[in-house]
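Enquirer: make a model of this:
(one chain, ligands or ions: 1)
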Amino acid sequence: MGNVTIIGAQWGDEGKGKVVDWLASRADIVVRFQGGHNAGHTLVVGNQTYKLSLLPSGLVRGKMGVIGNGVVIDPDALLAEIGRLQAQGLVISPETLRIADNAPLILPLHAALDRAREAARGVHKIGTTGRGIGPAYEDKVARRAIRVCDLAEPETLSSKLDELLLHHNTLLAGLGAATFEKQALLDALLALAPQLLPYAEPVWERLAAARASGAKILFEGAQAVMLDVDHGTYPFVTSSNTVAGTAASGAGLGPDAVGRVLGIAKAYCTRVGSGPFPTELHDETGTLLGERGHEFGTVTGRKRRCGWFDAALVRQAVKVGGIQGLALTKLDVLDGMKELKIGVGYLIKGEKFRHLPAGMAAQAAALPIYETLEGWSGSTRGARSWAALPAQAIKYVKRIEELVEAPVTLLSTSPERDDTILMQDPFAA
Ligand code: IMP
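Expert: Residues are numbered from 1 along each chain as shown. Now for the predicted structure:
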């Protein structure tokens, strides 16, 4: 049995939480490897609903959770989330949660800069979550980030803050936003240190040992391929690589650790924030999808934009993301619709494309080329076998498989964990 990596195949919010939870129950360790508390995973277990942002979902199932070096960590958000889940009865301690000592921190100045820049962009805003994700990754690449391990070295912390503030206060002042004082930041970090450091360690060593002993590792991606900083709809993307390859570098393991790659896609498509969305629906069908699918962001509560399934986009995500099998979620939202459309390509200034080109203007101008399929009158809600699905629903799924050039290996038919049809066990593959 190998490892499994789960990534989003559209623009995020594909229902990863449920699938990760389902697979976490069969893994030994669950690892987050990129992103930060911009992610939002909702897990429904019995009559309890858990909302996770930064913590690996496996903790809900009592599995060891690891936050890798590829994640950007807001210590206040992390401690608040730990407190919230502990209040719901979960055991989260340094025995069950380990954090990479070389992971960069998100400080309040990152969120302040994120918001100030978004405000300055006006109508051209990216629609970020305002949590400081972009500025924190910028600092990492610029070699001035404060990392978890620095909390154990007050002098390092002090000199790094000088460099950080020189950069950030200059920018914040230029944008007309409030600046930060060093002493207040230093005091806050030193006060956080004893709470965070017990979780910190070189997680790569633990993961290497786990691999050597045959443990099953589940790598839990956040956001999705179309929000990848290289391969997504740039610049309307997040600031990390969300493709499967990142699972290795974001945890401190070699590429062979990634294992089987499962992509998650909704049976239709949604997006939050700005940016191109060729199959977006601005009519009553879009409203219906949003209402039936309860399409509001877990993190920001923003209304999600809704549209038809874009097979050209998901095919692209399959190729660049390394997706070997697709988990299709929320098929039941399409129940009872007379006809369904699937995007199969784009028309851009009179020219046909099978993929979304990289150019910003080309992406904005992309018109979807549709294929129309008959809907189904029966219900797929809660179906637990292929045989329980209406014939037209099976046709819809089969057509998606052909178009995206990847098998649908898992089908989710309601938020309940057991309402799942498994075609192929990714751990056994
Ligand atoms: P950032 O990650 O906060 O910088 O936001 C950049 C873009 O990614 C925005 O369009 C966000 O709405 C989007 N985004 C970030 N995290 C998520 C997520 O977990 N689900 C869906 N969209 C996300």
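Enquirer: so who does the residue of the stretch 201-350 of the chain found nearest the ligand touch?
Expert: For the stretch 201-350 of the chain and the ligand, the shortest gap (Cβ to the nearest ligand atom) falls at residue 273, measuring 2.3 Å. Yep, even glycine has a C-beta here, placed from its N, CA and C like the rest. For residue 273, the contacting residues are 126, 127, 128, 236, 302, by Cβ atoms under 8 Å, 6 or more residues apart in numbering.
Enquirer: can you check residue 382 too?
Expert: By Cβ under 8 Å, 6+ apart, the neighbours of residue 382 are 332, 413, 414, 416, 419.
Enquirer: list the contacts of the residue lying closest to the first one once chain neighbours are set aside.
Expert: Read that as residue 332. Closest residue in space to residue 332, ignoring its immediate chain neighbours: residue 381 at 4.0 Å, by Cβ to Cβ, 6 or more residues apart in numbering. By Cβ under 8 Å, 6+ apart, the contact set of residue 381 is 332, 335, 413, 414, 419.
Enquirer: from residue 64, how far off is residue 381?
Expert: 34 Å (Cβ to Cβ, to the nearest Å).
Enquirer: do the lowest-mean-pLDDT helix or strand in the chain and the ligand meet?
Expert: None of the helices or strands of the chain scores lower by mean pLDDT, DSSP states H and E than strand 41-45, at a mean of 81. No. Judged by Cβ under 6 Å from any ligand atom, strand 41-45 makes no contact with the ligand; its nearest approach is 8.2 Å.
Enquirer: list the buried residues in that strand.
Expert: 41, 42, 43 (16 or more other Cβ atoms under 10 Å).
Enquirer: next one: stretch 157-167
Expert: 157, 158, 160, 161, 164, 165, 167.
Enquirer: excluding covalently adjacent residues, which one is nearest to the third one?
Expert: Computed as Cβ to Cβ, 6+ apart, the closest residue to residue 160 that is not its neighbour in sequence is residue 146, at 5.2 Å.
Enquirer: same question for the first one.
Expert: In this structure, residue 157 finds its nearest non-sequential neighbour in residue 150, 5.1 Å apart by Cβ to Cβ, 6+ apart.
Enquirer: ok, the last one next?
Expert: Nearest in space to residue 167, with sequence neighbours left out and distances taken as Cβ to Cβ, 6+ apart, is residue 144 at 6.5 Å.
Enquirer: now do the contacts for that neighbour.
Expert: Contact analysis of residue 144 by Cβ under 8 Å, 6+ apart lists 160, 163, 164, 167.
Enquirer: and the residues you listed as CSV, adding distance to residue 228, pLDDT and secondary structure?
Expert: As requested, these are exported to CSV (distance: Cβ to Cβ, whole Å; pLDDT from 0 to 100; DSSP: H, G, I helix; E, B strand; the rest coil):
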residue, distance to residue 228, pLDDT, secondary structure
160, 29, 97, helix
163, 29, 96, helix
164, 27, 97, helix
167, 26, 97, helix
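Enquirer: ok, back up a step: can you classify the residue of the stretch 201-350 of the chain closest to the ligand by secondary structure?
Expert: Assigned with DSSP: H, G, I helix; E, B strand; the rest coil, residue 273 falls in the coil class.
Enquirer: how close does it sit to residue 303?
Expert: To residue 303, residue 273 is 11 Å away according to Cβ to Cβ.
Enquirer: ok, residue 236 next?
Expert: Residue 236 is 17 Å from residue 303, by Cβ to Cβ.
Enquirer: over to residue 41?
Expert: Residue 41 is 19 Å from residue 303, by Cβ to Cβ.
Enquirer: who's residue 29 bridged to?
Expert: Note on residue 29: beta-bridge partners by DSSP bridges are residue 64, residue 217.
Enquirer: what's the pLDDT at it?
Expert: Looking at residue 29, its pLDDT reads 97.
Enquirer: same check, this time on residue 127
Expert: Reported pLDDT for residue 127: 91.
Enquirer: model confidence score at the residue lying closest to it once chain neighbours are set aside, please.
Expert: Ranked by Cβ to Cβ, 6+ apart and with sequence neighbours excluded, the top spatial neighbour of residue 127 is residue 273, at 2.8 Å. Looking at residue 273, its pLDDT stands at 88.
Enquirer: how far off centre is the longest strand anywhere in the chain?
Expert: When the chain is parsed with DSSP state E, its longest strand is strand 339-348. The chain centroid and the centroid of strand 339-348 are separated by 25 Å, computed with Cα atoms, centre = their mean, to the nearest Å.
Enquirer: partners of that strand, with directions?
Expert: Strand 339-348 is paired, per DSSP bridges, with strand 309-310 (parallel), strand 351-353 (antiparallel), strand 367-374 (antiparallel).
Enquirer: which outside residues touch it?
Expert: With contacts defined as Cβ under 8 Å, 6+ apart, strand 339-348 is touched by 278-279, 308-313, 334, 352-357, 362, 365-375, 396, 399-400, 403.
Enquirer: please, a ChimeraX command that selects the buried ones among the residues you listed?
Expert: Buried members of these, defined by 16+ other Cβ under 10 Å, are picked up in ChimeraX with:
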select :278,279,308,309,310,311,312,313,334,356,362,366,368,369,375,396,399,400,403
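Enquirer: now, of the contacts of residue 382, which are buried?
Expert: In the contacts of residue 382, burial by neighbour count holds for 332, 413, 414, 419, counting by 16+ other Cβ under 10 Å.
Enquirer: closest to residue 91 out of those?
Expert: Residue 91 lies nearest to residue 419 out of the buried ones among the contacts of residue 382, by Cβ to Cβ, at 27.1 Å.
Enquirer: got the phi and psi for the closest one?
Expert: Main-chain torsions, residue 419, degrees, to the nearest 10: phi -80, psi 70.
Enquirer: right, and it touches residue 413 too?
Expert: Yes. Residue 419 lies in contact with residue 413 (Cβ atoms under 8 Å); the separation is 4.7 Å.
Enquirer: three-state assignment of the residue of the stretch 1-150 of the chain found nearest the ligand?
Expert: Closest residue of the stretch 1-150 of the chain to the ligand, Cβ to the nearest ligand atom: residue 12 (2.7 Å). Under three-state DSSP, residue 12 falls in the coil class.
Enquirer: ok, it touching residue 269?
Expert: No. Under the criterion of Cβ under 8 Å, residue 12 is not in contact with residue 269, lying 10.9 Å apart.
Enquirer: can you pull the residues of the protein lying near the ligand?
Expert: Selection of the chain residues close to the ligand by Cβ under 6 Å from any ligand atom yields 11-13, 38-40, 126-129, 131, 133-134, 222-223, 227, 236, 238-239, 272-273.
Enquirer: how many neighbouring residues does the spatially closest residue to residue 354 that is not a sequence neighbour have?
Expert: Among residues not flanking residue 354 along the chain, residue 345 sits closest, at 5.1 Å (Cβ to Cβ, 6+ apart). Under the neighbour criterion other Cβ atoms under 10 Å, residue 345 is assigned a count of 22.
Enquirer: good, we can wrap up now.
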